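# build me a model from this:
(one chain, ligands or ions: 1)
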Amino acid sequence: MNIEVLTLFPEQFPGPLTAGVTGRGLAAGRVNLRVHNLRDYTHDRHRQVDDVPYGGGAGMVLKPEPIFEAVRARAGKGPVILLTPQGELLNQELVRELAGYDDLYLICGRYEGVDERVATHLVDREVSVGDYVLTGGELPAMVLIDAVCRLVAGVLGSEASPKDESFDQRLLEYPHYTRPALFEGHPVPEVLLSGHHAEIERWRRSQAVERTRRRRPDLLDRQQG
Ligand code: 9D3
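Below is the predicted model:
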């Protein structure tokens, strides 16, 4: 998979993506990351990427021209994705869909926002990573890349196979324990030491359901695609 990123802060990449599973995927060439500096697509003396908002108001808005020029010069043919707080929330279903493309092009916003014509006339999808305020789209882009990367064939090692998680997409995980069986007076649940595999499976399922009901009832309400 080829992923291109357009950003005002190219030095932030690949950053944390060099570690672990994503790092191996990049090193093995299963995922190719190309990062473009938005400022390289300006043509004026001051390499201006932003301007004051029409209608007034605080802050600056990213100008459309450099973004349009950068995207039109892209190598791939896949979807163009704008990371923005106005986007659809990233979830595993969307991650799976995006992992099916050969190419992705990610645009990271900054400042107060991006000229709306980028969203309406250039971009295929707008994606947010959650309802909290960040300073830009770079960390969200890395979140998306991390999630997509681990699904790309050959990136994932034996540590966790993607089919393990289809166990039940609507449920949080059951609690995990390892040795010692007694730690600072806190025991591992007896059933896990019993060796009764059917009973262990039933316990894990009920723990997963109960913890989901308490912590994330929204997951139980959600229809599965
Ligand atoms: C402080 C300015 N905000 C008005 C209340 C609007 C705003 C503009 C730009 C808020 C955040 C940002 C920068 N964030 C992103 O570009 C972003 C983001 C996010 O902040 N949260 C979750 N997902 C994403 S994806 C891109």
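
# could I get the full set of strands for this protein?
2-7, 32-37, 50-51, 61-62, 80-89, 103-108, 113-114, 125-128, 182-183, 186-187 (DSSP state E).

# tabulate these (a markdown table), appending mean neighbour count, distance to P217 and mean pLDDT.
(C-beta placed from N, C-alpha, C; glycine too.) Shown next, in a markdown table, are those (neighbours: other CB atoms under 10 Å; distance: least, CB to CB, whole Å; pLDDT from 0 to 100):
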| stretch | mean neighbour count | distance to P217 | mean pLDDT |
| --- | --- | --- | --- |
| strand 2-7 | 23 | 35 | 98 |
| strand 32-37 | 17 | 37 | 98 |
| strand 50-51 | 16 | 42 | 98 |
| strand 61-62 | 21 | 38 | 98 |
| strand 80-89 | 18 | 17 | 98 |
| strand 103-108 | 24 | 32 | 98 |
| strand 113-114 | 22 | 33 | 96 |
| strand 125-128 | 18 | 22 | 98 |
| strand 182-183 | 10 | 31 | 98 |
| strand 186-187 | 10 | 28 | 98 |
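
# nearest to S206, of those?
Among the strands of the chain, strand 186-187 comes nearest to S206, with 18.6 Å by CB to CB.

# show me what the lengthiest helix in the chain is packed against.
Ordering each helix of the chain by length in residues (DSSP state H) puts helix 197-215 first. Here helix 197-215 touches helix 190-193, helix 217-221, going by 3 or more CB pairs under 8 Å, 6 or more residues apart in numbering; DSSP states H and E.

# gap between the longest one and the chain center?
Which is helix 217-221. Remark: helix 217-221 is offset 21 Å from the chain centroid, using CA atoms, centre = their mean, to the nearest Å.

# tell me what it is packed against?
Looks like helix 217-221 contacts helix 197-215 (3+ CB pairs under 8 Å, 6+ apart).

# what does the helix it packs on rub up against?
By CB atoms under 8 Å, 6 or more residues apart in numbering, the residues outside helix 197-215 that reach it are 168, 170-175, 189, 191-192, 194, 219-220.

# check the offset of that helix from the chain's centre.
Distance, centroid of helix 197-215 to centroid of chain: 28 Å (CA atoms, centre = their mean).
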